[in-house]
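**Q** What follows is a predicted structure for the sequence shown.
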Amino acid sequence: MPAHPLAARLIPWYAREKRDLPWRAPGFGAWGVLVSEFMLQQTPVARVIPRLEAWLERWPTPAALAADAPAEAVKQWANLGYPRRALWLHRAAAEIRDRHNGVVPRDVDALLALTGIGDYTARAVAAFAYGDRHPVVDTNTRRVIARAVHGRAQPAAPSRRDLDDMAALLPVAEAEAAVVNAATMELGAVICTARSPRCDECPVRDLCAWLNAGRPETPDLRRRQAKYEGSDRQARGAVLRALRDGGALPQEAVLPDWPDALQRDRAILSLLDDGLVETEDGVLHLPRS
DNA sequence: TAAGCGTGGCC
DNA sequence: TGGCCAAGCTT
């Protein structure tokens, strides 16, 4: 069976143009790929790279991470954002140690069963670390398919059908399938970008349904991001930063000057609920177990 | 299903 | 300047 026309264009383009990213190095390892995917969830590549290197130097295996306290993971996560990911990565490491003899699983269902791993990350690990043939769908993929295949300016709401759309592009051969997954993401990241797509440099421009239709504006069905300034999320971030920087603190010493004391207390309660913070005799600290 | 969840750079 | 955006997951 001949390759899908889009795949036939993406493969040589990717071979020529792909960025030299750490997790693409041969032999980077499944643990490294897994950590990179956790960090890359909603966080830009440029901010991940230095944190990833430091993380893997400190914890070269899942067992090494699991042997440390979750507080250490949260501190090492620093300002990458969404610190629940640090906690979940620590939990996943313990699950890998306990259920999989310390080896990152290859099976998608086993990966999906790990804390903090969903449809994207499970298939990304299976495809990029182990070379298996699975559709890998991230926000870049969904935008590329929306435009090139469906002729829409923006993707619709995420759906399980996205996996079928991507599967339709994959060559039969496993190694080539992994390349097409990576190349589709790469195209979305560097050419078919959200705001100002560089269609004149696109390797699939003559095949693109959206470009051929004259780049029509289509209804934007994406969810808007809530305002951050003044939000509970901002308060949570400030509380956690105080505990990362200051160690254990009596509750009344956490953000004493925060403009909205009720919001601060609400943030502390939700952090306790998430397990990102623990309390002992009125003293707050990062989780020790 | 849709909301909640950090942080910072860019245009 | 400030909204948009970034290799998503959980509930």
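**A** Now that the structure is in, tell me what you want to look at. Numbering: from 1, shown residues only, chains lettered A, B, ... in the order given.

**Q** State the number of residues packed around the nearest residue to A:Arg47 once chain neighbours are set aside.
**A** Nearest residue to A:Arg47 in three dimensions, chain neighbours excluded: A:Leu80, at 6.6 Å (CB to CB, 6 or more residues apart in numbering). For every residue, glycine as well, the C-beta is placed using N, CA and C. The number of residues packed around A:Leu80, counting by other CB atoms under 10 Å, is 20.

**Q** And for A:Phe128?
**A** The number of residues packed near A:Phe128 is 23, by other CB under 10 Å.

**Q** do the same with the one 5 residues further on
**A** Summarising burial for A:Arg133: neighbours were counted as other CB under 10 Å, giving 19.

**Q** my guess is it meets A:Val108, correct?
**A** No: between A:Arg133 and A:Val108 there is no contact under CB atoms under 8 Å: 10.8 Å.

**Q** Around DNA strand B, which positions in the stretch 51-200 of chain A sit nearby?
**A** Contact residues, the stretch 51-200 of chain A versus DNA strand B (CB under 7 Å from any atom of the strand): A:79-84, A:157, A:195-196.

**Q** one step back: the residue nearest to A:Arg47 contacts A:Ala46, correct?
**A** No: counting by CB under 8 Å, A:Leu80 does not reach A:Ala46; the two are 11.7 Å apart.

**Q** related to what we said a few turns ago, help me confirm that the residue nearest to A:Arg47 is found in a strand?
**A** No: assigned with DSSP: H, G, I helix; E, B strand; the rest coil, A:Leu80 falls outside any strand and is coil.

**Q** per-residue confidence for it?
**A** Looking at A:Leu80, its pLDDT reads 98.

**Q** next one: A:Met1
**A** So, for A:Met1, pLDDT stands at 65.

**Q** what about the residue in the stretch 1-150 of chain A that DNA strand C sits nearest to, neighbour count?
**A** Going by CB to the nearest atom of the strand, DNA strand C is nearest to A:Gly118 of the stretch 1-150 of chain A, at 2.7 Å. Look at A:Gly118: counted by other CB under 10 Å, it has 11 neighbours.

**Q** residues touching it, list them.
**A** A:Leu112 (CB atoms under 8 Å, 6 or more residues apart in numbering).

**Q** A:Ala63 too?
**A** Contacts for A:Ala63 (CB under 8 Å, 6+ apart) come out as A:93, A:96-97, A:102.

**Q** do A:Asp206 as well
**A** Applying CB under 8 Å, 6+ apart, the residues contacting A:Asp206 are A:Asn212.

**Q** Quick check: it vs A:Arg152, distance?
**A** 18 Å (CB to CB, to the nearest Å).

**Q** Please list the residues of the stretch 1-150 of chain A that sit near DNA strand C.
**A** A:21, A:23-24, A:36-37, A:40-45, A:81-82, A:88, A:115-122, A:124, A:138-140, A:143.

**Q** OK, contacts around A:Leu170?
**A** Residues near A:Leu170 by CB under 8 Å, 6+ apart: A:4, A:7, A:133, A:135, A:176-177, A:180-181.

**Q** Then A:Arg106?
**A** A:Arg106 is in contact with A:30, A:126, A:129-130, A:132, counting by CB under 8 Å, 6+ apart.

**Q** if we can go back for a sec, quick one: buried ones out of the residues of the stretch 1-150 of chain A next to DNA strand C?
**A** Neighbour-count burial (16 or more other CB atoms under 10 Å) applied to those gives A:21, A:23, A:36-37, A:40-41, A:43, A:81, A:88, A:116-117, A:119-122, A:124, A:138-140, A:143.
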